[in-house]
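Chemist: Need the 3D shape of this:
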Amino acid sequence: MTKALGPLIKNVWNDFVIYAKWSHQSDGVLKLWQNGELKWNYSGPNTFNDPLDQMTFWKIGIYKSRWRIQRPPTDLLRAIYDEVRVGGASSTYNDVAPR
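Modeler: Okay, here's the model as predicted:
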């Protein structure tokens, strides 16, 4: 599941808030705010119905299919994360939104 959010402004802080209710059924929800603006509001299945899967979980990082092994590296990627908050089932947008 992919969604284009538009251009990302580089070299400035970008704030993201993500709300997810993981479900393989129609009650699944994904919402994403970028810099306070709701960019994505999806309702429906958002995970697999896999009996071996113990839990869906959240990860952040840089995911790149191939990384060139060169010295010095020619394609440096950098991501800085600040104020990462995780809410519970009853958390609101304001509970986790950047201050």
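Chemist: where exactly do the strands run in this structure?
Modeler: Along the chain, counting by DSSP state E, strands occupy 16-21, 29-34, 37-43.
Chemist: Looking at strand pairing, list the partners for the most centrally placed residue in the chain.
Modeler: For the chain, the residue sitting closest to the mean C-alpha position, by Cα atoms, centre = their mean, is residue 18 at 6.1 Å. Residue 18 forms beta bridges with residue 32, as assigned by DSSP bridges.
Chemist: returning to that earlier point: residue 91: which of the strands of the chain is closest?
Modeler: strand 16-21 (8.5 Å; Cβ to Cβ). From N, CA and C alone the C-beta is placed, and that goes for glycine too.
Chemist: can you list the residues that contact that closest one?
Modeler: 27-34, 46, 58, 93, 96-98 (Cβ atoms under 8 Å, 6 or more residues apart in numbering).
Chemist: what about it, distance to the chain center?
Modeler: With Cα atoms, centre = their mean, to the nearest Å as the basis, strand 16-21 stands 7 Å off its chain's centre.
Chemist: just the angle between that strand and strand 37-43, please?
Modeler: 20 degrees (axes from the mean of the first three to the mean of the last three Cα atoms, to 10 degrees).
Chemist: Next, format the contacts of strand 16-21 as TSV and append pLDDT and distance to residue 8.
Modeler: Converted to TSV, the contacts of strand 16-21 look like this (pLDDT from 0 to 100; distance: Cβ to Cβ, whole Å):
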residue	pLDDT	distance to residue 8
27	95	30
28	92	25
29	92	24
30	91	19
31	92	18
32	92	13
33	92	14
34	90	8
46	87	22
58	75	20
93	90	21
96	90	20
97	89	19
98	87	16
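Chemist: Thank you, goodbye.
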